[in-house]
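Asks: have a look; sequence and predicted model below, questions after that.
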Amino acid sequence: MTRADVDGWLGPKTGGLGAPAAGSDLLRLATAGSVDDGKSTLIGRLLYDSKQLPDDLLKQITETSRRRGDEYVDLALLTDGLRAEREQGITIDVAYRYFHTPRRKFIIADTPGHVQYTRNMVTGTSTADLSLILIDARNGIVEQSKRHAFISSLLGVPHVVVCVNKMDLVDWDESVFDAICDGFRSFAAKLEIQDLVFIPVCALLGDNVVERSESMPWYEGVSLLYHLEHVHIASDRNLIDVRFPVQWVVRPMSHEHHDYRGYAGQVAGGVLRPGDEVTVLPSGRRSRIAGIDSYDGALDAAFPPMSVTVRLEDDLDVSRGDMICRPANQPAIAREIDATVCWMAEAPLTAGQTYLLKQTTRSVTAVVERLHYRIDMRTLHRDEGAPELGLNEIGRVTLRTSTPLLVDDYRRNRSTGSLILIDPATNETVGGGVLLHAAVPGADPPVVRNVTWHEGRVSRARRWAALGQHGATIWLTGLSGSGKSTIATAVEERLLGAGRFTYVLDGDNLRHGLNRDLGFDDRSRTENVRRAGEVARLLADAGALVLVGLISPIAADRELVRRMHADSDLDFLEVHVETSLEACERRDPKGLYAKARRGEIPSFTGVSAPYEVPSQPDLRLSGEQAIPDAVDALMALLVERGLVTVE
Amino acid sequence: MGTEHYELSHMAVLEAEAIQIFREVASELERPVLLFSGGKDSIVMVRLAEKAFWPGPLPFPLMHVDTGHNFPEVVELRDGLVAELGVRLIVASVQESIDAGRVKEETGPRASRNRLQTTALLDALKEHGFDAAFGGARRDEERARAKERIFSFRDDLGGWDPKNQRPELWSLYNGRIRRGESVRVFPLSNWTELDVWQYIAREQLALPSIYFAHRRDVFRRDGMLYATSPFVELMPGEEPFEATVRYRTVGDMSCTGGVESTAATIEEVVAEIAATRITERGETRADDRATEAAMEDRKREGYF
Ligand SMILES: Nc1nc2c(ncn2[C@@H]2O[C@H](COP(=O)(O)OP(=O)(O)O)[C@@H](O)[C@H]2O)c(=O)[nH]1
């Protein structure tokens, strides 16, 4: 190629994008991919196409590309930092990149993919709102893709995007993309991934990175940047359980603030307000919040991740490491904790060793009581005979601490459920861990022990053969009044007419019996969905086509049901009954919206509680169309999935 | 309980993160110090530190590593701010390091005291027994910085080992060190130049006047506009002329270039930066342009 070619290769570039708007928020994403999957190129593309590549940097990499005789400007050069890496041509540590659009500011933690850099990946992923996993379309899912998915799941990253890259090299073939999605989904079904989205891209040319691709008309989703700009992250934080780890005690002892005593820290969960009754742990002493202070004035609420100073009405003895919470909602106070640990040091972790442990603002001494198993990230197999955890290995341990910790399950709270281990001899950070099943009294369902699954003598295959059909669950999710029950009942009619064995599970009906002990707080809603899911699974296993109509507003809850079905090898079809809030409110068949608007029903989905729209449902069904049309569309899906034959 | 009013802007999140870092260092390390150059980043740092400990005083002093080649406007602002806050200011002087024979002054038209700062800094840290030094560096400034941790561990010679950085997970920082070792802490790691300016606008922070467009005598070198001063020798062919410029960073006068600009207020600067397409260091810092790996080399030796 000639000079001019290299210079013109990237195409025109227009002016800067302008500042992020005052109300724009912040999204942290972690990228991972094997060497040469095109991760650096993709990030370069995002920066270039979102018009954020400074001219001098562009000039620098254009010159380097030319000097090396590349055919194109190597955008990958942008994100490669240290000298050693330049020589080896690979990224070896987490590098942070920044860009913004008018909607959002983005922080990219660019992490290396090789197994020997697992610890770097864990580091970069620990704070991520979203994981971006890159797969080379030609190679499909490789060991590293699985490791990245596993780590994202382990670290509770709420959103995962899989970019299938180099689509140009597979002739933009939809079936290649589909096969990779299917393969990835079936692996991911064994993990805890709440929101999983697939996008076919060509990082080199920019297809589906910022602009929709013209080479892949079959892809109906949005571009990567559009997704990054719009993915909903505000409700990923825990706004329920008040957790305020005290970081620093403010005692000015100045003339002006003579008796001032405030507790400074960063809110780790829930919403604190003046007047709230609180308990200080570990002492258990109670008081009320007298005020929430900041340099900019008194606040009427504090929530994650705000850094504030809290004053209490009573003069309690509170110090760094203590935690302020609500009397009826406390973290576990535990000296023995179970954690999944990623080991980050050359010297292995073995049972009996002593480390320093830091969790929230507490630092304690911890002994490894037991190493339960090491996890093979590729197969998810648990090696229970493992004698140690080596560098970059992950396993489950029990730790016993010198003084109690105030902990939550990591799934519930990423701040109060995470810890690091430090080697007291070298002061190195040697491990990072997430806490599991911290026993929150009365909150978590007890872990089942000594109960094994009883395999019936009649196999599912024989049962289904006798019935002449396969069982499956069709899960209709949507706002109250969106038409779930109406559609479910109409489909039931149609299926029965065709001689199929079917059953409708209706959310309202379940609450009369099986779920009548449950309320509408977050935990109860989750439990409501879980029980409905379990019943659906049993019925599907029996051979029924189960139609579930449940608001099920939380993506993670629905994902849990999807996973329990996958574990049992049962089909699970998520159908989003899409009806605008306005239309639902207009219908208001049970008068609930009116009540909710009057404030008579707290946390009512759509009005005062969030509804998380499914990002990749099996079917989106407009609830505003004629019912027979909706039924047709759903029947078509069942035919397509081979659950019913063409009538 | 709509979720919408529990949302925070990116600016608020960055501020909360920085405050958490200040408090963590003050809690876990014995003798922190805030490195203060009088530039916009360190002025932002001081405001964040005030917020972190308010209504209490700053629990650490400020330290200026003074090359002796300052813009007078910067020193003026520094002294004003220190008086207003009532904090202690330590001045670590490069001139004194030179006089004491600890370092040798570079000569010639491209001479700069930038590199010499490292010795003055390390000497002062040692003399006062500081075990943590807050710096205003940002990861968006330069590629070596992009990989540096927020708590950057330094050995007893102040050196940074990019291959052997401590993993930094969540916001659980490990500030444990042995005697003689120290940490550099960068609360603005995740800020960009634009964030800094937006914050300055939000807080209406006072800055040295050289950040805003003004007329001054300059000469052109390597495409940048340097202020004429007693500290730089002109090379043949370099002709001083008057221009309207502003500075994007304030360092040693001998190696900090200005840009032609008419932005005279914070808001105008924000608008200009938002539209700009050249990195701050690429545009104004001769010291980083010398070699592609310049910064990495200096950091290994103990630079900020
Ligand atoms: N044909 C094609 N090549 C690509 C694409 N994306 C990246 N590459 C090339 O793949 C190679 C590896 O890319 P790089 O971004 O360095 O990969 P990384 O190791 O994952 O960061 C480079 O030669 C890229 O130009 C793509 O979409 N299509």
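Replies: The structure has been received and is ready for your questions.
Asks: and stretch A:604-614, what's buried?
Replies: A:604, A:605, A:606, A:607, A:609, A:610, A:611, A:612, A:614 (16 or more other CB atoms under 10 Å in any protein chain shown). C-beta here means a position set from N, CA and C on the backbone, and glycine is covered the same way.
Asks: thought the fourth one was touching residue A:594?
Replies: Right, residue A:607. No. Counting by CB atoms under 8 Å, residue A:607 does not reach residue A:594; the two are 10.1 Å apart.
Asks: picking up where we left off before, helices - which of the buried residues of stretch A:604-614 land there?
Replies: Among the buried residues of stretch A:604-614, no member is found in helices (DSSP state H).
Asks: just those residues now: which is nearest residue A:465?
Replies: For the buried residues of stretch A:604-614, the closest approach to residue A:465 (CB to CB) belongs to residue A:614, at 32.9 Å.
Asks: touching, the closest one and residue A:558? I think so.
Replies: Yes. Counting by CB under 8 Å, residue A:614 sits close enough to residue A:558 to count as a contact (6.9 Å).
Asks: quick check: neighbours shared by those two?
Replies: Jointly contacting residue A:614 and residue A:558 under the rule CB atoms under 8 Å, 6 or more residues apart in numbering or on different chains are A:477, A:574.
Asks: list the residues that contact residue A:506.
Replies: A:485, A:488, A:549.
Asks: do that again at 6 Å, thanks
Replies: A:485, A:549 (CB atoms under 6 Å, 6 or more residues apart in numbering or on different chains).
Asks: likewise for residue A:553?
Replies: Per CB under 6 Å, 6+ apart, neighbours of residue A:553: A:605, A:611.
Asks: and it, how close does it get to residue A:435?
Replies: 26 Å (CB to CB, to the nearest Å).
Asks: element containing the closest residue to residue B:52 other than its chain neighbours?
Replies: Nearest non-adjacent residue to residue B:52, counting by CB to CB, 6 or more residues apart in numbering or on different chains: residue B:22, 3.9 Å away. Assigned by DSSP states H and E, residue B:22 belongs to helix B:10-28.
Asks: ok, and what's touching that helix?
Replies: So helix B:10-28 is contacted by A:24-26, A:105, A:247-248, A:264, A:266, A:305-307, A:320, B:32, B:48-49, B:51-52, B:59, B:132, B:173, B:175, B:185, B:187, B:191 (CB under 6 Å, 6+ apart).
Asks: run the chain-centre distance for stretch A:258-272.
Replies: 28 Å (CA atoms, centre = their mean, to the nearest Å).
Asks: same check, this time on stretch B:40-48
Replies: 9 Å.
Asks: now stretch A:122-142
Replies: Worked out by CA atoms, centre = their mean, stretch A:122-142 lies 13 Å from the chain centre.
Asks: near chain B at all, that stretch?
Replies: Yes. With CB under 6 Å from any CB of the partner chain as the measure, stretch A:122-142 is seen reaching chain B through A:123, A:126.
Asks: mind checking the end-to-end distance for that stretch?
Replies: In terms of CA to CA, to the nearest Å, the two terminal residues of stretch A:122-142 are separated by 18 Å.
Asks: buried residues in it, which are they?
Replies: Those would be A:122-137, A:141, for stretch A:122-142 by 16+ other CB under 10 Å.
Asks: low-confidence stretches in the stretch 151-300 of chain B?
Replies: Filtered on pLDDT under 70, the stretch 151-300 of chain B yields the residue ranges B:252-255, B:276-300.
Asks: one step back: among the buried residues of stretch A:122-142, which lie within helices?
Replies: Filtering the buried residues of stretch A:122-142 for helices - DSSP H - leaves A:122, A:123, A:124, A:125.
Asks: residues contacting residue B:89?
Replies: By CB under 6 Å, 6+ apart, the neighbours of residue B:89 are B:62, B:82.
Asks: now do the contacts for the residue in the stretch 501-647 of chain A that the ligand sits nearest to.
Replies: Residue of the stretch 501-647 of chain A nearest the ligand, by CB to the nearest ligand atom: residue A:616 (22.1 Å). Residues in contact with residue A:616 (CB under 6 Å, 6+ apart) are residue A:197.
Asks: tell me the SS of it?
Replies: coil (DSSP: H, G, I helix; E, B strand; the rest coil).
Asks: roughly how far apart are residue B:233 and residue B:219?
Replies: Applying CB to CB to residue B:233 and residue B:219 gives a distance of 11 Å.
Asks: neighbour-wise, which of these two wins?
Replies: A count of neighbours by other CB atoms under 10 Å in any protein chain shown puts residue B:219 above the other of residue B:233 and residue B:219, at 18 against 12.
Asks: in which helix or strand would I find residue A:99?
Replies: Going by DSSP H and E, residue A:99 is in strand A:95-100.
Asks: gap between the following helix or strand past that strand and the chain center?
Replies: Following strand A:95-100 in sequence order, the next helix or strand is strand A:104-110 (DSSP H and E). Here the centre of strand A:104-110 is set off from its chain's centre by 16 Å, with CA atoms, centre = their mean.
Asks: also stretch A:184-202?
Replies: 11 Å.
Asks: dump that stretch to PDB, keeping only the CA atoms.
Replies: In PDB, the C-alpha atoms belonging to stretch A:184-202 read as follows (Å, rounded to 0.1, in the frame of the first residue of the first chain):
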ATOM      1  CA  PHE A 184     -22.200 -19.500  24.300                       C
ATOM      2  CA  ARG A 185     -25.800 -19.500  25.600                       C
ATOM      3  CA  SER A 186     -25.600 -23.100  26.600                       C
ATOM      4  CA  PHE A 187     -22.400 -22.600  28.500                       C
ATOM      5  CA  ALA A 188     -23.700 -19.400  30.100                       C
ATOM      6  CA  ALA A 189     -26.800 -21.200  31.200                       C
ATOM      7  CA  LYS A 190     -24.700 -22.800  33.900                       C
ATOM      8  CA  LEU A 191     -23.500 -19.500  35.100                       C
ATOM      9  CA  GLU A 192     -25.200 -16.500  36.700                       C
ATOM     10  CA  ILE A 193     -25.400 -14.000  33.900                       C
ATOM     11  CA  GLN A 194     -28.400 -11.700  34.200                       C
ATOM     12  CA  ASP A 195     -28.300  -9.900  30.900                       C
ATOM     13  CA  LEU A 196     -26.600 -11.500  27.800                       C
ATOM     14  CA  VAL A 197     -26.500  -9.800  24.400                       C
ATOM     15  CA  PHE A 198     -24.800 -10.900  21.200                       C
ATOM     16  CA  ILE A 199     -23.700  -8.500  18.500                       C
ATOM     17  CA  PRO A 200     -21.900  -9.500  15.200                       C
ATOM     18  CA  VAL A 201     -19.200  -7.000  14.400                       C
ATOM     19  CA  CYS A 202     -16.300  -6.200  12.200                       C
END
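Asks: among the contacts of helix B:10-28, which ones are in helices?
Replies: Those of the contacts of helix B:10-28 lying in helices (DSSP H): B:48, B:49, B:51, B:52.
Asks: quick one, what contacts the residue nearest the centre of chain B?
Replies: What sits nearest the mean C-alpha location of chain B, by CA atoms, centre = their mean, is residue B:136, with 4.6 Å. Neighbour list for residue B:136: B:41, B:42, B:45, B:188 [criterion: CB under 6 Å, 6+ apart].
Asks: hmm, try it at 8 Å
Replies: Per CB under 8 Å, 6+ apart, neighbours of residue B:136: B:35, B:37, B:39, B:41, B:42, B:44, B:45, B:186, B:188.
Asks: out of those residues, list just those in helices.
Replies: B:41, B:42, B:44, B:45.
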